[in-house]
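Colleague: what shape does this take:
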Amino acid sequence: MTESQIRPTESQYQLMARRRFLPLFLTQFFGAFNDNIFKQALIFYIAYSSTAEVAKYSKNFAILSVILLIVPFFLFSASAGQVADKFEKSVLVRWIKLFEIVIVSFGAVAFYYENVPMLMGLLFLLGTQSALFGPIKYSLLPQNLTDNELIGGNGMMELGTFLAILIGTILGGVLIGLDQGTVIVGVITCVVAVTGYLSSRFIPPAPSTAPDLKVSWNILSETWRIIEFTRGYHSVFLSILGISWFWSIGAAYLSLMPEFIKTDLGFNQYVADLIYALFTIGIASGSALCERLSGHKVEIGLVPFGSIGLTIFGVDFFFAAHSAPIVQANLQGIGAFIGYSGQFYFAYWRLMLDVFSLGVFGGFFIVPLYALVQSRSPVDHRSRVIAGNNIINAIVIVTVGLVNMGLGMAGLSIPYVLLVMALFNAVVAFYIYSLVPEFLMRFLVWILIHTIYKVDKQGMDKIPEQGPAVLVCNHVSFVDALVIGGCVSRPVRFVMYYKIFNIPVLNFVFRTAKAIPIASAKEDPSMLEQAFDHIADALEAGDLVCIFPEGRLTEDGNMNVFRTGVEKILQRTPVPVIPMALRGLWGSFFSCRGGKTMRGWPLRRLWSRVGLVAGDPVHASTATAPLLQEKVAALRGGQQMMGERAE
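Modeller: Next up is the predicted model:
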């Protein structure tokens, strides 16, 4: 199915009625469910077993189980990425799901005979089939979804995955504690594996993106080659590092929580299940909210927002844990945990709030990163880039897991281990944002257009998804560029008056967005010529360039005459021109009257509703300054709107 054959949906939930998404969603859901019910049943089986032969494996097994599931991603992702790029993907998915059926069938036998070493080996094989499936599922999404569905599709996929983790984790812990629990777990995992295979049969064909690729089976050399290739895409590589770090945090909380609940607080496995539930529901909720908060586009401005929340609530979890000492009677249940009426009643509720909030902000953090990796990876290498993501995930998660194990063996309590993770999260975030300031810039833009203003967007689909174009717009306020940049899905190179470019704080945003400062010939002729050179270079590189042909802010709400600089730009580099109009910004805090900002205007104007409208493209040969002004004026409207004066 080609992108031109795909009709975009209006809501991420409508994807659940589309064959190009639902079968893949269900296949992923059942696979994640099986991985977690098997893993969690094994963890609780070993941790709470009364049999000495089984209980001897309990020390550090929670972290070991994570490593057994993760190491295959390092070993097999390189080969899986090549195979996924070379062959038709829906057929590959079905073979992988058949492999899962074989694994869990042996798992049922191993549970029945209480063969722990065999169960550990099968847990490793489950990680192997997940490693094989990973590059396929995440490269199928951009192949079957449109750009404006990508953030919603990833959000739904993460929502489903974490709900599967939640259900599998809870059922794994509950069922293994029942009479004949090992038999029940074995039967359920077999049934779910078969169901996952049946759903995979409805995944529509997905053609090969690199049919001539010669697959290299040398694990080490190909792994290194894929990592090196991925590093060539700077923002993609750093997004992968962010994804890896998040999974390290998630793995730490999920693996350490049973021991923390049991040893540090004195509650049973059902309380651990409650904490799991809050964490995964939080991630599912945050993932589902991403589409609404991002406006149906890949909004990396949510990533800093997520990292801030992960640090704040991670630190608060440490203090909440220290204010909630162990109860008098060991291994009490959920009722006692929720209704504890002693001195530290609020501490347990605070722990629950922290865990849920960690999940929500984790969703804000992870979904845009996955969407960015998919959207900015070359199509014919996408599966291999995602394989590189899985390899780096494996390296980071295993490394962090071993460090956490070492900290535990050195006597550091679980709350302190998690505090180290929370504080180091801030270090990781600062490192990534310092190397790619685009993340922080987009965060500031996102804050602007979701708090100070409420922006109604129209005609954004008329802006080309690829290739050069010039955007022309009326100039109303000091933040026009931020509003436009926050609404257009592609990066935009803005040409702006150098005095606005140099405004403190905003200057950071403009420099990060590679804005082009410009001055009049009277003020600085050399800067003017340099600006035209930079504009030509940007257009020849295939970028979007936005100019404000009025050359200055309106001082009375009316449009100024468009200058002919746009004609000079088009003579040098003929590209399509997209007329755009800002509505409702006149009279807001950042607009201008008589050369002064509207600081005396009521604060209610900070939360005003504004509009951005794009019109049909104009061919370079006919795009004169008067014609473009006429089109922008028509888009802006001739009637007064929200404090904005008519023409």
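Colleague: show me how the record splits this protein into domains.
Modeller: As assigned by automatic domain parsing, the chain contains the domains 3-436, 448-636.
Colleague: looking at these, which is buried most?
Modeller: domain 3-436 (a mean of 20; mean count of other C-beta atoms under 10 Å). All C-beta spots, glycine's among them, are computed from the backbone N, C-alpha and C.
Colleague: average pLDDT for it?
Modeller: In this model, domain 3-436 has a mean pLDDT of 79.
Colleague: same thing with stretch 481-492?
Modeller: 80.
Colleague: just the CA atoms of it, as PDB, please.
Modeller: Listed next in PDB are the C-alpha coordinates belonging to stretch 481-492 (Å, rounded to 0.1, in the frame of the first residue of the first chain):
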ATOM      1  CA  ALA A 481       7.700  33.000  14.000                       C
ATOM      2  CA  LEU A 482       7.100  30.900  17.100                       C
ATOM      3  CA  VAL A 483       3.400  30.500  16.300                       C
ATOM      4  CA  ILE A 484       4.100  29.600  12.700                       C
ATOM      5  CA  GLY A 485       7.000  27.300  13.700                       C
ATOM      6  CA  GLY A 486       4.700  25.500  16.200                       C
ATOM      7  CA  CYS A 487       2.000  24.900  13.600                       C
ATOM      8  CA  VAL A 488       4.000  23.800  10.600                       C
ATOM      9  CA  SER A 489       5.100  20.200  10.900                       C
ATOM     10  CA  ARG A 490       8.400  20.700   9.000                       C
ATOM     11  CA  PRO A 491      11.300  22.800  10.300                       C
ATOM     12  CA  VAL A 492      11.100  26.400   9.000                       C
END
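Colleague: rewinding a little: need the domains of the chain in a markdown table (columns: distance to Arg442).
Modeller: Listed next are those as a markdown table, based on distance: least, C-beta to C-beta, whole Å:
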| stretch | distance to Arg442 |
| --- | --- |
| domain 3-436 | 4 |
| domain 448-636 | 8 |
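Colleague: so where do the strands sit in the chain?
Modeller: For the chain, applying DSSP state E gives strands covering 454-458, 469-473, 492-497, 516-518, 544-547, 577-583, 592-593, 596-597, 609-614.
Colleague: direction included, what does the last one pair against?
Modeller: So that's strand 609-614. Strand 609-614 pairs in its sheet with strand 454-458 (parallel), strand 577-583 (antiparallel), by DSSP bridges.
Colleague: measure how far the longest one is from the centre of its chain, please.
Modeller: Translated: strand 577-583. With C-alpha atoms, centre = their mean, to the nearest Å as the basis, strand 577-583 stands 30 Å off its chain's centre.
Colleague: equivalent analysis for the first one, please.
Modeller: If you compare the mean C-alpha spot of strand 454-458 with that of the full chain, they lie 23 Å apart, counting by C-alpha atoms, centre = their mean.
Colleague: could I get the average pLDDT for that strand?
Modeller: When pLDDT is averaged along strand 454-458, the result is 79.
Colleague: ok, now the last one?
Modeller: Taken as a whole, strand 577-583 has an average pLDDT of 91.
Colleague: distance of Asp316 from Ser77?
Modeller: Per C-beta to C-beta, to the nearest Å, Asp316 is found 35 Å from Ser77.
Colleague: just Tyr138 next, same as before
Modeller: Going from Tyr138 to Ser77 by C-beta to C-beta gives 11 Å.
Colleague: how about Gly153?
Modeller: Distance of Gly153 to Ser77, given as C-beta to C-beta: 22 Å.
Colleague: now distance to Leu265 too, for the strands of the chain, in TSV please.
Modeller: Putting the strands of the chain into TSV (distance: least, C-beta to C-beta, whole Å) gives the following:
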stretch	distance to Leu265
strand 454-458	44
strand 469-473	57
strand 492-497	51
strand 516-518	58
strand 544-547	54
strand 577-583	55
strand 592-593	58
strand 596-597	54
strand 609-614	48
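Colleague: ok, which of these comes nearest Gly637?
Modeller: Checking the strands of the chain against Gly637 by C-beta to C-beta gives strand 577-583 as the closest, at 6.6 Å.
Colleague: give me the contacts around the closest one.
Modeller: With C-beta atoms under 8 Å, 6 or more residues apart in numbering as the test, strand 577-583 has contacts from 462-463, 469-474, 476-477, 480, 483-484, 546, 566, 570, 610-620, 623, 628, 631-633, 635-637, 641-642, 644.
Colleague: against Gln14, how distant is Ile281?
Modeller: Applying C-beta to C-beta to Ile281 and Gln14 gives a distance of 23 Å.
Colleague: low-confidence regions, the stretch 501-647 of the chain specifically.
Modeller: The model of the stretch 501-647 of the chain has pLDDT under 70 over residues 505-506, 509, 587-608, 638-647.
Colleague: that older thread, CSV for the strands paired with strand 609-614, including distance to Leu175?
Modeller: Listed next are the strands paired with strand 609-614 as CSV, based on distance: least, C-beta to C-beta, whole Å:
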stretch, distance to Leu175
strand 454-458, 48
strand 577-583, 58
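Colleague: Thr189: which of those is closest?
Modeller: Between Thr189 and these, the tightest spacing by C-beta to C-beta is seen for strand 454-458, at 46.6 Å.
Colleague: got the CA coordinates for the closest one in PDB?
Modeller: These are the backbone C-alpha positions of strand 454-458, laid out as PDB (Å, rounded to 0.1, in the frame of the first residue of the first chain):
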ATOM      1  CA  LYS A 454      -4.900  28.900  21.500                       C
ATOM      2  CA  VAL A 455      -4.200  28.500  17.800                       C
ATOM      3  CA  ASP A 456      -6.800  27.500  15.200                       C
ATOM      4  CA  LYS A 457      -4.900  26.100  12.100                       C
ATOM      5  CA  GLN A 458      -6.400  25.900   8.600                       C
END
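Colleague: span of stretch 453-461 from start to end?
Modeller: Distance between the two ends of stretch 453-461: 21 Å, counting by C-alpha to C-alpha, to the nearest Å.
Colleague: how far away from the center of its chain is it?
Modeller: Per C-alpha atoms, centre = their mean, the centroid offset for stretch 453-461 relative to its chain is 22 Å.
Colleague: how about stretch 133-140?
Modeller: Distance of stretch 133-140 from the chain centroid (C-alpha atoms, centre = their mean) equals 16 Å.
Colleague: got the CA coordinates for that stretch in PDB?
Modeller: Below are the C-alpha coordinates for stretch 133-140, written out as PDB (Å, rounded to 0.1, in the frame of the first residue of the first chain):
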ATOM      1  CA  PHE A 133       9.600  -8.500  15.500                       C
ATOM      2  CA  GLY A 134      10.800  -5.100  16.700                       C
ATOM      3  CA  PRO A 135      12.300  -3.700  13.500                       C
ATOM      4  CA  ILE A 136       9.200  -4.900  11.600                       C
ATOM      5  CA  LYS A 137       6.500  -3.400  13.700                       C
ATOM      6  CA  TYR A 138       8.000   0.000  14.000                       C
ATOM      7  CA  SER A 139       8.900   0.200  10.300                       C
ATOM      8  CA  LEU A 140       5.400  -1.000   9.400                       C
END
